[in-house]
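A.B. asks: prediction below, plus the sequence it came from.
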Amino acid sequence: MVPPVVFFALFFGRPVAAIVGRGFHDGGSWRPGRLAEVLGRPEIRDVLWFTTWQALASTALTLLLALPGAYVLARFDFPGRRLLRAVVTVPFVLPTVVVGTAFLALVGRGGLLDELWGVRLDTTVWAILLAHVFFNYAVVVRTVGGLWAQLDPRQEEAARVLGATRLGAWRRVTLPALAPAVAAAALMVFLFTYTSFGVVQILGGPAYATLEAEIYRQTAQLLDLSTAAVLTLTQFAAVGAVLAVHAWTVRRRETALRLVDPATTARRPRGAGQWTLLGAVLASIALLLLLPPAVLVARSFGGPEALTFYRALQDAGASGGTFLVPPLQTVWNSLQYALAATAIALLIGGCAAAALSRDAGRLVRGLDALLMLPLGVSAVTVGFGFLITLDEPPLDLRSSWILVPLAQALVGVPFVVRVMLPVLRAVDTRLREAAAVLGASPWRVWREVDLPLVRRAVLVAAGFAFAVSLGEFGATVFIARPDNPTLPVAVARLLGRPGALNYGQAMALSTILMVVCAVALLLLERLRTDRSGEF
């Protein structure tokens, strides 16, 4: 437990505490009344209200559209099912900046809808809601569909034999078993949409701001740390409550019903109703999940010549002084940073998963909750906290390249833990004990017993850590140096400058980032087993 505790204390707890401390400390005295003062301002109440209701609306819309997809992928056997499962998961690992850019190409000025019907949805809440559904569709499919595929269909069939209608059998047998998984998926979607930043920054415009976007504005533009600190604490409290409820639903899900091999529950669709449902789900996936990336790719080739925007990426001056280096250099920068962040996340997350796999009481369970906090706490706060805390020896890292991978690893560690923990818990402890009795050292026991059993999970965890590190934006936007920007930062800066060339280069960089993430995920899908964690 020592490496993850020290890592999170130095690179998560300390930066967040520093920002909060500076916000409430004014002129040598503490101002606890600042909390009520900030939350009483009408514009802040509007931000809190919008953050909450858009997260609730995004969650409801995601469940409405994704639950049929979860059922189809869990219970129907059809050609291309495994590939489709991987395809619907790709949006989840895409950086939020890419998601925002893809929907901008679809619903923004000069986008596909604007050209065909003169309809623009950017700077409206509908663009934000649809982008959130696009991003979180896989959360519902993986969480609910994963359990649905393992529920024994014979229990529902037995209810039908005893006189229950199809709807009644589903409501009384299947739904109670699925309820914890549905609740867990809903809470995770709510968490991701409540802390949304990149999507809102690109699609929302000045009229819409979530807590995360407002924290960025107060910190980076207005330099009002006091207000940013209050908003950070508010977000922290909300996220803590959501994570506590999520942990409770996960414990309930683990004791749902007797589970069976998913390979035995999937059958070919039968009857007009099931084929119609399959067709409707495939159509919704094509429109919602495949069309935005396809439009993004098309726009990236939309210059006077097919590769105009891609050629411009090689010239630092083509972007009008936005970068000190050619935009294409950001690809190499991002890959280097992501590889370093993956190594850090595997080390810290692997140690944490090994500790959590042993039943060691409340202290270890508290560590599990701590590891999840970076997914919900403001990444903007963490990034700015890095700048004001890691500026003195022996941790003066402001000019060091390692600063970016450290921030990215904070987001990757929870994914490593969630992937590796179920597999480590499944290892029979008697195998370790037998090896120890035969004289093996603890290191040899790990190398020859645990590692062969968890090797695939380690590779899957590394892939997820790499993908999320590659797309991290909230913290990196503060700490990435102008001469070494990352891909998401470069995309955001290009979109913030006028001109068709800057817009086209943003589309081209987003396409490159999307392809890298998609290839990584498709490779993971070949490695993944049904026991390789929650994702």
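C.D. replies: Nice, thanks for sending it over. Numbers count the residues shown, from 1 in each chain.

A.B. asks: now Arg85: closest residue in space, sequence neighbours ignored.
C.D. replies: Leu73 (5.5 Å; Cβ to Cβ, 6 or more residues apart in numbering). C-beta coordinates here come from the backbone N, C-alpha and C atoms, glycine included.

A.B. asks: can you count the residues close to that neighbour?
C.D. replies: By the criterion of other Cβ atoms under 10 Å, Leu73 has 24 neighbours.

A.B. asks: check Leu513 too.
C.D. replies: 25.

A.B. asks: where does the stretch 401-535 of the chain dip in pLDDT?
C.D. replies: 525-535 (pLDDT under 70).

A.B. asks: swap the cut-off to 90 and go again
C.D. replies: Confidence mapping of the stretch 401-535 of the chain against pLDDT under 90 gives the ranges 401-403, 411-412, 414-433, 435-436, 438-535.

A.B. asks: now do the stretch 51-200 of the chain
C.D. replies: 71, 73-127, 138-139, 141-188, 191-192, 194-200.

A.B. asks: for it, which segments count as helices?
C.D. replies: With DSSP state H, counting those that start in this stretch as the criterion, the stretch 51-200 of the chain has helices at 81-93, 96-107, 112-117, 125-148, 153-161, 166-169, 175-194, 198-203.

A.B. asks: just so I know, which of the ones you listed lies nearest Thr342?
C.D. replies: helix 81-93 (13.1 Å; Cβ to Cβ).

A.B. asks: one step back: the helices of the stretch 51-200 of the chain: which one's closest to Arg481?
C.D. replies: So among the helices of the stretch 51-200 of the chain, helix 96-107 is nearest, using Cβ to Cβ, at 18.3 Å.

A.B. asks: mind exporting the closest one as CSV, just the C-alpha atoms?
C.D. replies: Provided in CSV are the C-alpha atoms of helix 96-107 (Å, rounded to 0.1, in the frame of the first residue of the first chain):
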residue,chain,number,x,y,z
THR,A,96,-13.4,14.5,-24.7
VAL,A,97,-11.7,17.0,-27.0
VAL,A,98,-12.1,14.6,-29.9
VAL,A,99,-15.7,13.9,-29.0
GLY,A,100,-16.4,17.6,-28.9
THR,A,101,-14.6,18.1,-32.2
ALA,A,102,-16.5,15.2,-33.9
PHE,A,103,-19.9,16.6,-32.9
LEU,A,104,-18.8,20.1,-33.9
ALA,A,105,-18.1,18.7,-37.4
LEU,A,106,-21.6,17.1,-37.4
VAL,A,107,-23.8,19.8,-35.8
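
A.B. asks: which other helices and strands contact that helix?
C.D. replies: helix 112-117, helix 125-148, helix 198-203, helix 291-300, helix 487-495, helix 500-527 (3 or more Cβ pairs under 8 Å, 6 or more residues apart in numbering; DSSP states H and E).

A.B. asks: quick check: next helix or strand after the third one?
C.D. replies: Next in sequence after helix 198-203, counting helices and strands by DSSP states H and E, comes helix 211-216.

A.B. asks: chain center to that next one, what's the gap?
C.D. replies: 18 Å (Cα atoms, centre = their mean, to the nearest Å).

A.B. asks: contacts for it?
C.D. replies: Applying Cβ atoms under 8 Å, 6 or more residues apart in numbering, the external contacts of helix 211-216 come out as 44, 47-48, 51, 194-197, 200-201, 204, 228, 231-232, 234-235, 378-381, 474, 477.

A.B. asks: what of stretch 133-140?
C.D. replies: By Cβ under 8 Å, 6+ apart, stretch 133-140 touches 58, 61-63, 65-67, 69-70, 88-92, 94, 96, 99, 102-103, 185, 188-189, 192-193, 199, 288-289, 292.

A.B. asks: just the CA trace of it, in PDB.
C.D. replies: In PDB, the C-alpha atoms belonging to stretch 133-140 read as follows (Å, rounded to 0.1, in the frame of the first residue of the first chain):
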ATOM      1  CA  VAL A 133     -24.600   9.800 -24.800                       C
ATOM      2  CA  PHE A 134     -21.900   9.100 -27.400                       C
ATOM      3  CA  PHE A 135     -19.200   9.000 -24.800                       C
ATOM      4  CA  ASN A 136     -21.000   7.000 -22.100                       C
ATOM      5  CA  TYR A 137     -22.900   4.400 -24.300                       C
ATOM      6  CA  ALA A 138     -20.200   1.800 -23.600                       C
ATOM      7  CA  VAL A 139     -20.500   2.300 -19.800                       C
ATOM      8  CA  VAL A 140     -24.000   0.900 -19.900                       C
END
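
A.B. asks: would you mind confirming that Leu61 is in contact with Leu129?
C.D. replies: Yes: in this structure Leu61 lies within contact range of Leu129 using Cβ atoms under 8 Å: 5.8 Å.

A.B. asks: the two - which one has more neighbours?
C.D. replies: Legend: neighbour count by other Cβ under 10 Å for Leu61 and Leu129, higher for Leu129 (20 against 17).

A.B. asks: surely that one touches Ser58?
C.D. replies: Yes: the pair Leu129 / Ser58 is scored as a contact, 5.4 Å apart, by Cβ under 8 Å.

A.B. asks: secondary structure element for Asn484?
C.D. replies: Counting by DSSP H and E, Asn484 is part of no helix or strand.

A.B. asks: if I look at it, how far off is Glu43?
C.D. replies: Relative to Glu43, Asn484 is positioned 36 Å away (Cβ to Cβ, to the nearest Å).

A.B. asks: higher neighbour count, the two?
C.D. replies: Asn484 (18 against 8).

A.B. asks: residues in contact with the more buried one?
C.D. replies: 325, 333, 401, 404.

A.B. asks: residues touching the third one, list them.
C.D. replies: Counting by Cβ under 8 Å, 6+ apart, Trp401 makes contact with 337, 484.

A.B. asks: quick one: contacts for Ala228?
C.D. replies: Contacts of Ala228 by Cβ under 8 Å, 6+ apart are 19, 23, 215, 218-219, 381, 384.

A.B. asks: likewise for Val427?
C.D. replies: Contacts of Val427 by Cβ under 8 Å, 6+ apart are 357, 449-450, 453-454.

A.B. asks: select only the buried ones of those residues in PyMOL?
C.D. replies: In PyMOL syntax, the buried subset of the contacts of Val427 is picked out as below (16 or more other Cβ atoms under 10 Å):
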select buried, resi 357+449+450+454
